[in-house]
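I need the structure of the sequence given here:
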Amino acid sequence: MPYSEEIAKRIRHVLKRHRGFREQKMFGGLAFMHNGNMCCGVIEEKLVLRLGKEGSEDVLREPFTAPFNFTGKVLSSIVYVLPHGYETDENFKEWIGLAYKFTKNLPPK
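Reported below is the predicted structural model:
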């Protein structure tokens, strides 16, 4: 399952002002790890966000979002954002910002 390099570039652009990030292939896509914790990523054309259980529940009420169901089991702390949900740079930055806000408070691994 390949990932969109264009979306990966957009993520890199948003995250470049923050320290502690590295990239790691994960779930057949590309994950951006913040201090060892998965923050966000891309699988195919889908943006992947780690928001915690409560944050994910809130976001799943929004259009163009879906539960993260990678192996047939939903991971309640991660969501997909489908392409129409992040078309503008403003929307894209907001989504990445939500994931960063959640993961920046996690203890480093």
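
let me see the ranges of the strands in this protein.
Listed in chain order, the strands of the chain (DSSP state E) span 21-26, 29-34, 37-43, 46-50, 65-69, 74-81.

out of the ones you listed, which comes closest to Y100?
strand 37-43 (6.1 Å; CB to CB). Placement of C-beta: from N, CA and C, glycine included.

strands paired with that closest one, and their directions?
Sheet pairing here is set by DSSP bridges, and for strand 37-43 it gives strand 29-34 (antiparallel), strand 46-50 (antiparallel).

before we move on, back to that, I'd like the strands of the chain laid out as a markdown table, including distance to T103, mean neighbour count and mean pLDDT.
Output for the strands of the chain, formatted as a markdown table (distance: least, CB to CB, whole Å; neighbours: other CB atoms under 10 Å; pLDDT from 0 to 100):
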| stretch | distance to T103 | mean neighbour count | mean pLDDT |
| --- | --- | --- | --- |
| strand 21-26 | 10 | 13 | 96 |
| strand 29-34 | 5 | 22 | 97 |
| strand 37-43 | 4 | 23 | 97 |
| strand 46-50 | 6 | 26 | 98 |
| strand 65-69 | 15 | 16 | 95 |
| strand 74-81 | 10 | 20 | 95 |
